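Chemist: predicted model and sequence follow; I will ask about them next.
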Amino acid sequence: MKRFYYILFLSIGMLACSKQNEVGTDTETYTPCGTYKSGQKLYQGSKGGCFYYNSKGNKEYVERSACKC
């Protein structure tokens, strides 16, 4: 029984680590693609747009060449 809990614990830990650097909604997930001038993480959208999240949580789009994906 201890082995079962150990494997379950490791599986949950690995899942949490794999999602740590990704942001987005339930339907969209974005991986960081560099940083912007002011230090915000840049993300590339599904259609190739490059953006960061401002202080209000809204997307601010920048030129595509700023993303390093």
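Modeler: Looks like it arrived, so ask away.
Chemist: what about the helices in this protein?
Modeler: Along the chain, counting by DSSP state H, helices occupy 2-18.
Chemist: any idea where the strands of it begin and end?
Modeler: For the chain, strands defined by DSSP state E occupy the ranges 32-35, 41-44, 50-53, 59-62.
Chemist: dump those into TSV; add mean neighbour count as well.
Modeler: Where C-beta positions appear, they are placed from N, C-alpha and C, glycine not excepted. Shown next, in TSV, are the strands of the chain (neighbours: other Cβ atoms under 10 Å):
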stretch	mean neighbour count
strand 32-35	15
strand 41-44	19
strand 50-53	20
strand 59-62	13
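Chemist: now these in JSON lines, with mean pLDDT and distance to C69?
Modeler: Compiled in JSON lines, the strands of the chain are given as follows (pLDDT from 0 to 100; distance: least, Cβ to Cβ, whole Å):
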{"stretch": "strand 32-35", "mean pLDDT": "90", "distance to C69": "4"}
{"stretch": "strand 41-44", "mean pLDDT": "94", "distance to C69": "5"}
{"stretch": "strand 50-53", "mean pLDDT": "93", "distance to C69": "8"}
{"stretch": "strand 59-62", "mean pLDDT": "94", "distance to C69": "13"}
